[in-house]
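Trainee: Coordinates for the following, if possible.
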Amino acid sequence: MTQQDRHDAIVTLVKRQGYASIEQLTQHFSVTPQTIRRDLNQLADEGAIKRVHGGAGLESSTVNTAYHTRKTLNADAKQHIAECVASQIPDSASLFINIGTSNEMVAEALRDHRGLEVITNNLNVAAILQHKEDFNVIIAGGQVRSRDGGIIGEATIDFINQFKVDYGIIGISGIDDDGSLLEFDYQEVRVAQAIISNSRQVFLTADHSKFHRNAVVRQGNIAQIDALFTDRQPPDGILRLLREHDVTLHIADA
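Mentor: The predicted structure follows:
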């Protein structure tokens, strides 16, 4: 078993049980406690599990990790994903970009493009792109979340519904085994659903830590997207769903 296979199996086991001790994991994988501690520390750094005394548990399904922490989690992977997404967007295209640290990196990667029309409910995305004189950047109205600059609410949904764009670029907090796309904020989910409905193609950005991650609100299903951009091979169940629903998989090169 490779280290990555072991990491995936640890996350699956912790998710199934809610908690796993170092002793249990050591016996289960026939490795040393030191190896398991390193595994757990790395998975916790990636946001896949929560490190607790003597083992590992699940991250909260009701409260997201703080924005400034998410900015640094898997930053290299997110950068590669962002560059991969940008390579699939032609000049002079129209697109939505919604809330999320990965999508802010996508905005950074798009700055070499020309003639884009970008509609966003993310103040950080607008700030990143504001100096591009050949871009038309449109900010949705609504309630601004102080913690991350996201714009949400009924006014935001009404605004999004006025457009029909070439590409909708969305992020996600978690992807369940059945393909459910999961988030923490009901209002954010409704805006994302409007983006999906009003995009000709939907691109989902999700680094490897999003697989198996729990969140309380169902945003939709992986069957609703056209392409998934990630940094590692998804679990077998997700791969099967991608094939069944003709979703293109892009694995960003490190």
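Trainee: Could you check how far the closest residue to residue 199 other than its chain neighbours is from residue 139?
Mentor: Once flanking residues are discounted, residue 199 sits nearest to residue 168: 2.9 Å by C-beta to C-beta, 6 or more residues apart in numbering. Any C-beta I mention is one placed from the backbone N, CA and C, and that applies to glycine too. As judged by C-beta to C-beta, to the nearest Å, residue 168 and residue 139 stand 16 Å apart.
Trainee: likewise residue 7?
Mentor: 39 Å.
Trainee: Among the two, which residue is more densely surrounded?
Mentor: Neighbour count, other C-beta atoms under 10 Å: between residue 7 and residue 139, residue 7 has more, with 20 against 17.
Trainee: for this structure, what are the low-confidence residue spans?
Mentor: Along the chain, segments meeting pLDDT under 70 span 59-73, 254.
Trainee: which one's the longest helix in it?
Mentor: helix 3-17 (DSSP state H).
Trainee: May I see the buried residues of it?
Mentor: 6-8, 10-11, 13-15 (16 or more other C-beta atoms under 10 Å).
Trainee: Check stretch 189-205 too.
Mentor: Buried-residue list, stretch 189-205, by 16+ other C-beta under 10 Å: 189-196, 198-199, 201-205.
Trainee: Likewise for stretch 30-45?
Mentor: Applying 16+ other C-beta under 10 Å to stretch 30-45 flags 31, 36, 39-40, 43 as buried.
Trainee: The residues you listed in helices, which ones?
Mentor: 36, 39-40, 43.
Trainee: of all these, which comes closest to residue 163?
Mentor: residue 43 (39.2 Å; C-beta to C-beta).
Trainee: mind checking how far the nearest residue to the closest one once chain neighbours are set aside is from residue 233?
Mentor: Computed as C-beta to C-beta, 6+ apart, the closest residue to residue 43 that is not its neighbour in sequence is residue 49, at 4.7 Å. The gap separating residue 49 from residue 233 is 19 Å, by C-beta to C-beta.
Trainee: Which one's more surrounded, these two?
Mentor: A direct count of neighbours by other C-beta under 10 Å for residue 49 and residue 233 places residue 49 higher, at 29 against 14.
Trainee: any idea how far that one is from residue 184?
Mentor: From residue 49 over to residue 184 (counting by C-beta to C-beta), the distance is 17 Å.
Trainee: Redo the buried residues of stretch 30-45 as a markdown table? Include distance to residue 97.
Mentor: Formatted as a markdown table, those follow (distance: C-beta to C-beta, whole Å):
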| residue | distance to residue 97 |
| --- | --- |
| 31 | 42 |
| 36 | 39 |
| 39 | 34 |
| 40 | 34 |
| 43 | 29 |
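Trainee: Out of the residues you listed, which is nearest to residue 121?
Mentor: So of these, ranked by how close each gets to residue 121 (C-beta to C-beta), first place is residue 43, at 31.0 Å.
Trainee: one step back: closest one of the ones in helices among the buried residues of stretch 30-45 to residue 146?
Mentor: Closest to residue 146, out of all of those and judged by C-beta to C-beta, is residue 43, at 29.8 Å.
Trainee: check contacts around the closest one.
Mentor: Contact analysis of residue 43 by C-beta atoms under 8 Å, 6 or more residues apart in numbering lists 7, 10-11, 49, 56.
Trainee: again, but for residue 241
Mentor: Taking C-beta under 8 Å, 6+ apart as the test, what residue 241 contacts is 178-179, 222-223, 247.
Trainee: how near is it to residue 88?
Mentor: Distance, residue 241 to residue 88, by C-beta to C-beta: 21 Å.
Trainee: Okay, strands next: where are they in the stretch 151-254 of the chain?
Mentor: Ranges of strands within the stretch 151-254 of the chain are 151-152, 165-170, 174-175, 180-183, 199-205, 217-221, 227-230, 248-251, based on DSSP state E, counting those that start in this stretch.
Trainee: now those strands in TSV, with distance to residue 237?
Mentor: TSV is the format used below for these (distance: least, C-beta to C-beta, whole Å):
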stretch	distance to residue 237
strand 151-152	31
strand 165-170	21
strand 174-175	10
strand 180-183	12
strand 199-205	16
strand 217-221	13
strand 227-230	13
strand 248-251	14
